[in-house]
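Colleague: Below are the sequence and a predicted model for it; my questions follow.
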Amino acid sequence: MSGFLTEDEIAALNPSELLPHSTPIPTQIVSSDEFTPPPQSEKQKEVEARLLAMADEFGARQGQSRRQFFQSAAGMAAAFVALNETFSAVFDASRAEASTPAMADERAKGLKDQFIMDMHTHFLRDDTRLTNFVRAREAVGKAGWNPQLVDKPQTLEDLKFNNFFKEIYLDSDTKVALISSSPSEEPQDWFLTNEQMIEARDKINKDAGSRRMFAHAIFTPGQDGWLEHLEGSLARKPESIKGYTVGDNTNKDLARHPWRMDDEKVTYKAYELAVKHGIKNICVHKGLFPESTAKRFPHLLEYAKVGDVGKAAKDWPQLNFVIYHAGYRWAAGGRAGDGWNEFEQTGRVSWVSDLAEIPEKYGVTNVYADVGQLFAQSVVAEPRLAAAMMGIMGRGMGYERVVWGTDAVWTGSPQWQIEALRRLEISEDMQKKYGFKPLGAADGPIKNMIFAGTNAKLYDFDIPSQRGDIGPNRDRFALMKEEYEKSGPARSNLRYGYVTGPVDWSAFA
Ligand SMILES: [Zn+2]
């Protein structure tokens, strides 16, 4: 932490009642390396101007202030219209929707029962000291990615169970979530212990009266007693296991036990145990390792890449390997712009393209790509990059192996990400030039597969008979959400506070 903003620095930022703080989309880039945000790019200024014009024209017609307009479904549509007009991106959003509240509300209502399984979520234990995630949420609010974070000063409480529950199950259309964690050499810095994940799962499902949460157990190859620890955790019946090949992602300076997925002597022992306990899915964190991080931790770089995925997948056809973040490199201190430049110059994105080539190279069909952070960090900051990465994964692995995960609640309630995928399409130019397949309608077969279909298959969840949000098994959460919606979104009137410290995006998990 390098200190607090001086009066001058505060004065140089826009006052919080003005843009960019109240817009539903990004108008500034967040960087971990600079104390104050870098100046807006020309594109971002353009997005902002277009949005303001729409707020003044469409919102005023409804008697709404800019802020009220930006908080409405029509305001959300306007954000995607502004992105379309600026980036020549292809979001399904029209000026008609942005200017007609009834039309925007109707659309949101029509999609709210879409089944969404988010198999990559987090909250932090009560005694956590990982305040960097508070800074991250503030930065996301500041960048305008998630309109729900805009007005709220963030605290550690926002990263704990109660707020997690609200942001996942009440503020978003997510129906089922998997709670994950991240290990550390420092026991106190595990996001959650394996026991805490299982306890949270059991509590949620008991409270709901149906299966709303799944849980990971974390495995840490090479650490003292790791295999016994895993075996003990497996006895509590997590739905899958997850590991971090860099060893300690939270405190990279402490990482002494990085490991490879294809290490026959060490890691394969975990796969053996998993098979023995009926676990089918091995989740592995990859990527989020930009040049700035590689410079600081060069010995971990190889482990962050996906070079060890293919052999492991080939040797263990009875297991599925779900690669978290799809190996996307340019987050956690990198920028979507770096990824876009790389794609424009080479037609590739590190290390998403490498991952997408594994099925062909190794003749395997058991490798999956989770879109956590990959999607959040690109889709509103550089939408063409988000489209390109979806295309790359779809082309190489098939859209049936791209699975929904949002890494919420690091970037707040996942609803804005859900809305972005619903609306995203790959432009025809890009489809033709690179052989990408279109994503189709918000609730068409491909997006339904990404949002839930494949996750349901991986986890043997029969959606029609097991879903608790509608139908014969309607559970207590469904009733709670109905009440919540009736009383309107629980918005805070507190003003957004300025970011008071640099964001350590490198700890993103
Ligand atoms: Zn994560």
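Modeller: Yep, that arrived.

Colleague: Once you drop chain neighbours, what's closest to residue 236?
Modeller: Leaving aside its sequence neighbours, residue 236 sits nearest to residue 198 (CB to CB, 6 or more residues apart in numbering; 4.5 Å). C-beta: built from backbone N, CA, C; applies to glycine.

Colleague: From the contact counts, what lies against the helix or strand hosting the one you found?
Modeller: Using DSSP states H and E, residue 198 maps to helix 194-208. Here helix 194-208 is seen to pack against strand 176-179, strand 213-218, helix 226-234, helix 476-486 when contacts are counted using 3 or more CB pairs under 8 Å, 6 or more residues apart in numbering; DSSP states H and E.

Colleague: who wins for proximity to residue 454 among those?
Modeller: Evaluated over the helices and strands packed on helix 194-208, closeness to residue 454 peaks at strand 176-179, with 13.1 Å, by CB to CB.

Colleague: That closest one pairs with which strands, and in what direction?
Modeller: Using DSSP bridges, the strands paired with strand 176-179 are strand 117-121 (parallel), strand 213-218 (parallel).

Colleague: quick one: contacts of that strand?
Modeller: Contacts to strand 176-179, defined as CB atoms under 8 Å, 6 or more residues apart in numbering, come from residues 116-123, 168-169, 192, 197, 200-201, 211-216, 239-240, 405, 452, 461.

Colleague: Only whichever of those residues are buried, select them in PyMOL.
Modeller: To isolate the buried members of these in PyMOL, using 16 or more other CB atoms under 10 Å:
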select buried, resi 116+117+118+119+120+121+122+123+168+169+192+197+200+201+211+212+213+214+215+216+239+240+405+452+461
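
Colleague: Any chance of TSV for the strands paired with strand 176-179, columns mean pLDDT and distance to residue 263?
Modeller: Formatted as TSV, the strands paired with strand 176-179 follow (pLDDT from 0 to 100; distance: least, CB to CB, whole Å):
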stretch	mean pLDDT	distance to residue 263
strand 117-121	97	24
strand 213-218	97	17
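
Colleague: Turn those into CSV, columns for distance to the ion.
Modeller: Shown next, in CSV, are those (distance: least, CB to the ion, whole Å):
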stretch, distance to the ion
strand 117-121, 5
strand 213-218, 10
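
Colleague: what does the domain assignment say about the protein?
Modeller: According to automatic domain parsing, the chain comprises the domains 38-111, 117-466.

Colleague: Pick the most buried one from the ones you listed.
Modeller: When these are scored by mean count of other CB atoms under 10 Å, the highest mean neighbour count falls to domain 117-466 (a mean of 20).

Colleague: how about the strands in the stretch 251-400 of the chain?
Modeller: Ranges of strands within the stretch 251-400 of the chain are 281-285, 320-324, 367-370, based on DSSP state E, counting those that start in this stretch.

Colleague: just so I know, which of these lies nearest residue 340?
Modeller: Nearest of those (CB to CB): strand 367-370, 18.9 Å.

Colleague: what's the average pLDDT for that closest one?
Modeller: Taken as a whole, strand 367-370 has a mean pLDDT of 98.

Colleague: Find the nearest non-adjacent residue to residue 192, please.
Modeller: Closest residue to residue 192 apart from its sequence neighbours, by CB to CB, 6+ apart: residue 181 at 4.4 Å.

Colleague: I'd say the one you found and residue 189 touch.
Modeller: No - applying CB atoms under 8 Å as the test, residue 181 and residue 189 come out as separate, 10.6 Å apart.

Colleague: So which residue is dead centre in this structure?
Modeller: With distances taken as CA atoms, centre = their mean, the residue of the chain nearest its centroid is residue 406 (2.4 Å).

Colleague: and residue 426, what is it in contact with?
Modeller: By CB under 8 Å, 6+ apart, the contact list for residue 426 reads 90, 387-388, 390-391, 436-439.

Colleague: Most proximal residue of the stretch 301-450 of the chain with respect to the ion?
Modeller: Residue nearest to the ion within the stretch 301-450 of the chain: residue 407 (4.4 Å; CB to the ion).

Colleague: ok, now how distant is that residue from residue 374?
Modeller: The spacing between residue 407 and residue 374, counted by CB to CB, to the nearest Å, is 9 Å.

Colleague: List the residues that are in contact with both of the two.
Modeller: Listed as contacting both residue 407 and residue 374 by CB under 8 Å, 6+ apart are residue 325.

Colleague: Name the nearest residue to residue 134, ignoring sequence neighbours.
Modeller: That would be residue 154: by CB to CB, 6+ apart, it lies 4.9 Å from residue 134.

Colleague: What's the end-to-end length of stretch 469-476?
Modeller: 9 Å (CA to CA, to the nearest Å).

Colleague: And that stretch, what's buried?
Modeller: For stretch 469-476, a neighbour-count test (16+ other CB under 10 Å) marks 469, 475 as buried.

Colleague: any residues touching that stretch, and which ones?
Modeller: 113, 115, 175, 207-210, 212, 464-468, 477-478, 481.

Colleague: Which elements pack onto whatever helix or strand residue 85 lives in?
Modeller: Here residue 85, judged by DSSP H and E, is contained in helix 73-87. Helices and strands touching helix 73-87, by 3+ CB pairs under 8 Å, 6+ apart, are helix 42-54, helix 66-70, strand 90-91, helix 95-99, helix 101-111, helix 383-397, helix 415-423.

Colleague: which ones are touching residue 455?
Modeller: With CB under 8 Å, 6+ apart, residue 455 has these contacts: 117, 119, 403-404, 461.

Colleague: ok, those vs residue 229, which is closest?
Modeller: Nearest to residue 229 out of those is residue 119 (CB to CB; 22.5 Å).

Colleague: in the sheet, who's paired with the closest residue to that closest one other than its chain neighbours?
Modeller: In this structure, residue 119 finds its nearest non-sequential neighbour in residue 178, 4.0 Å apart by CB to CB, 6+ apart. When assigned by DSSP bridges, residue 178 has beta-bridge partners residue 214.

Colleague: Which pLDDT value does the model give residue 178?
Modeller: pLDDT, residue 178: 98.

Colleague: State the distance from residue 297 to residue 262.
Modeller: 21 Å.

Colleague: whoops, residue 360 was the one
Modeller: 18 Å.

Colleague: What pLDDT is listed against residue 190?
Modeller: Looking at residue 190, its pLDDT reads 93.

Colleague: for the stretch 101-250 of the chain, what are the low-confidence residue spans?
Modeller: Applying pLDDT under 70 to the stretch 101-250 of the chain flags the ranges 140-152.

Colleague: Residue 247 reaches residue 253, doesn't it?
Modeller: No - assessed by CB under 8 Å, residue 247 is found out of contact with residue 253, at 11.2 Å.

Colleague: Nearest residue to the residue of the stretch 301-450 of the chain closest to the ion in space, please, no chain neighbours.
Modeller: Leaving aside its sequence neighbours, residue 407 sits nearest to residue 372 (CB to CB, 6+ apart; 3.9 Å).

Colleague: For the one you found, give me its contacts.
Modeller: 120, 324-325, 405-407.

Colleague: give me phi/psi at it?
Modeller: For residue 372, the backbone dihedrals (degrees, to the nearest 10) come out as phi -50, psi 130.

Colleague: how near is it to residue 260?
Modeller: In this view, residue 372 and residue 260 are 22 Å apart by CB to CB.

Colleague: Next one: residue 71 from residue 104, what distance?
Modeller: Applying CB to CB, the value for residue 71 to residue 104 is 12 Å.

Colleague: repeat for residue 289
Modeller: 39 Å.

Colleague: ok, now residue 286?
Modeller: For residue 286, the distance to residue 104 (CB to CB) stands at 37 Å.

Colleague: same check, this time on residue 238
Modeller: Counting by CB to CB, the gap from residue 238 to residue 104 is 40 Å.
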